[in-house]
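Colleague: Structure here, sequence nowhere to be found:
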């Protein structure tokens, strides 16, 4: 078994998102390294798909503003109705009775509303039926250009649960845009995600394997402090020696492998050297000097000299 040098020791965390069922029609789950760390219980979080229930309002997709999915859902109130209940219904799945959740969503007010407004149901979120009674979010300001994320925390009771994202005006020109609804357990991260959210890529550690370790040179510098004493002699303050410094000489079978090893050592990285035949040489190290590439005297092989300083990981 040959020696191995590994860098990029802190690899990227693997994050995966997936729908629990039909895309954009079921809760989505977030997993980190295969372990579930979050669940968005909104069954249609990509509201611009225009499949959510709407009451007393005209719904359309708007690309003028969005925070996910490329568009938001735009609610324009109808004028031929008898009440101010203009809202988008949020459908859910998998909520547990007794569990506390946080519901949040992004809202934009393109222009100030001028119609007849229904109190705290204008430009806000309402949850009807949780254990502690109806819960209202703070309203978005009635100011043109307002864009913010509203949230409300609630505990699920045994009765029916109704969740609405309101417009609350009776003026057809008073449009409101909603996007990115999230319902997650209150003790989990409240960052929006859907089942098709882009996950972090997998970054495997960089490795190189020379065909032979031609040289391993090391030294440890003393860190003792000496004090001259009047009248002759010396006192000494004893300190542990520094970690190893020296040079590794690595042999590679071809130019490409040698060049890759040089490129790897050119990165701002920590390295781990392991040689099963020379256990004494095993160490973590950082570059401390030059990394040299040279054609071996046999003209077919290549050598890479690495000036190193041992470090504690």
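Modeller: Right, received. Where do you want to start? The structure presented is a predicted model; accordingly, all values stated were derived computationally and were not measured. Residues are numbered from 1 along each chain as shown.

Colleague: How far does stretch 245-265 stretch from one end to the other?
Modeller: 16 Å (CA to CA, to the nearest Å).

Colleague: Enumerate the positions of that stretch that are buried.
Modeller: 245-252, 257-258, 260-262, 264-265 (16 or more other CB atoms under 10 Å). (Each C-beta comes from the backbone N, C-alpha and C, glycine too.)

Colleague: Run the chain-centre distance for it.
Modeller: 34 Å (CA atoms, centre = their mean, to the nearest Å).

Colleague: quick check, residue 262 in a helix?
Modeller: Yes - checked against DSSP: H, G, I helix; E, B strand; the rest coil, residue 262 lies within a helix.

Colleague: Identify the residue nearest it in space, chain neighbours excluded?
Modeller: residue 293 (5.1 Å; CB to CB, 6 or more residues apart in numbering).

Colleague: ok, residues contacting the host helix or strand of the one you found?
Modeller: Element membership of residue 293 [criterion: DSSP states H and E] is strand 283-295. With contacts defined as CB atoms under 8 Å, 6 or more residues apart in numbering, strand 283-295 is touched by 244-245, 247, 258-259, 262, 265-266, 270-273, 301-313.

Colleague: PyMOL command to pick out the buried ones of these?
Modeller: Entered in PyMOL, the line below selects the buried ones among the contacts of strand 283-295, by 16+ other CB under 10 Å:
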select buried, resi 244+245+247+258+262+265+270+271+272+273+301+302+303+304+305+306+307+308+310
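
Colleague: Pull the residues that contact the helix or strand following the strand holding residue 293.
Modeller: For strand 283-295, the succeeding helix or strand toward the C-terminus, using DSSP H and E, is strand 302-310. For strand 302-310, contacts defined as CB under 8 Å, 6+ apart pick out 210, 214, 243-255, 257-258, 261-262, 265, 271, 273, 283-296.

Colleague: Residue 38 contacts residue 29, doesn't it?
Modeller: Yes - judged on CB atoms under 8 Å, residue 38 makes contact with residue 29 at a distance of 7.3 Å.

Colleague: Nearest residue to the middle of the protein?
Modeller: residue 200 (6.9 Å; CA atoms, centre = their mean).

Colleague: List the contacts of the nearest residue to that residue once chain neighbours are set aside.
Modeller: Of all residues not flanking residue 200 in the chain, residue 15 sits nearest, at 4.4 Å (CB to CB, 6+ apart). If you count contacts by CB under 8 Å, 6+ apart, residue 15 has them with 30, 31, 32, 199, 200.

Colleague: again, but for residue 132
Modeller: So, once contact is read as CB under 8 Å, 6+ apart, residue 132 ends up touching 154, 155, 157.

Colleague: Quick check on those: which are buried?
Modeller: Counted by 16+ other CB under 10 Å, the contacts of residue 132 give residue 154 as buried.

Colleague: what's the closest of the contacts of residue 132 to residue 141?
Modeller: residue 154 (23.0 Å; CB to CB).

Colleague: Let me know how buried residue 181 is, in neighbour terms.
Modeller: Look at residue 181: counted by other CB atoms under 10 Å, it has 28 neighbours.

Colleague: what's the nearest residue to it if we skip its chain neighbours?
Modeller: Closest to residue 181 by CB to CB, 6+ apart is residue 105, at 4.2 Å.

Colleague: pLDDT at that neighbour, what is it?
Modeller: Looking at residue 105, its pLDDT stands at 97.

Colleague: what secondary structure does it sit in?
Modeller: Per three-state DSSP, residue 105 ends up strand.

Colleague: The stretch 101-250 of the chain: strands as residue ranges?
Modeller: Assigned strands in the stretch 101-250 of the chain, in chain order: 125-128, 135-136, 146-155, 162-166, 176-185, 206-208, 212-219, 225-228, 234-237, 245-252 (criterion: DSSP state E, counting those that start in this stretch).

Colleague: Out of those strands, which gets nearest to residue 49?
Modeller: strand 176-185 (11.6 Å).

Colleague: give me the number of residues near residue 165?
Modeller: 27.

Colleague: From residue 118, how far out is it?
Modeller: Distance, residue 165 to residue 118, by CB to CB, to the nearest Å: 13 Å.

Colleague: Now do the contacts for residue 127.
Modeller: 103, 134, 135, 136, 152, 154, 161, 162, 163.

Colleague: Can I have the buried ones of these as a PyMOL selection?
Modeller: Selecting only the buried entries of the contacts of residue 127 in PyMOL, with 16+ other CB under 10 Å as the criterion:
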select buried, resi 103+135+136+152+154+161+163
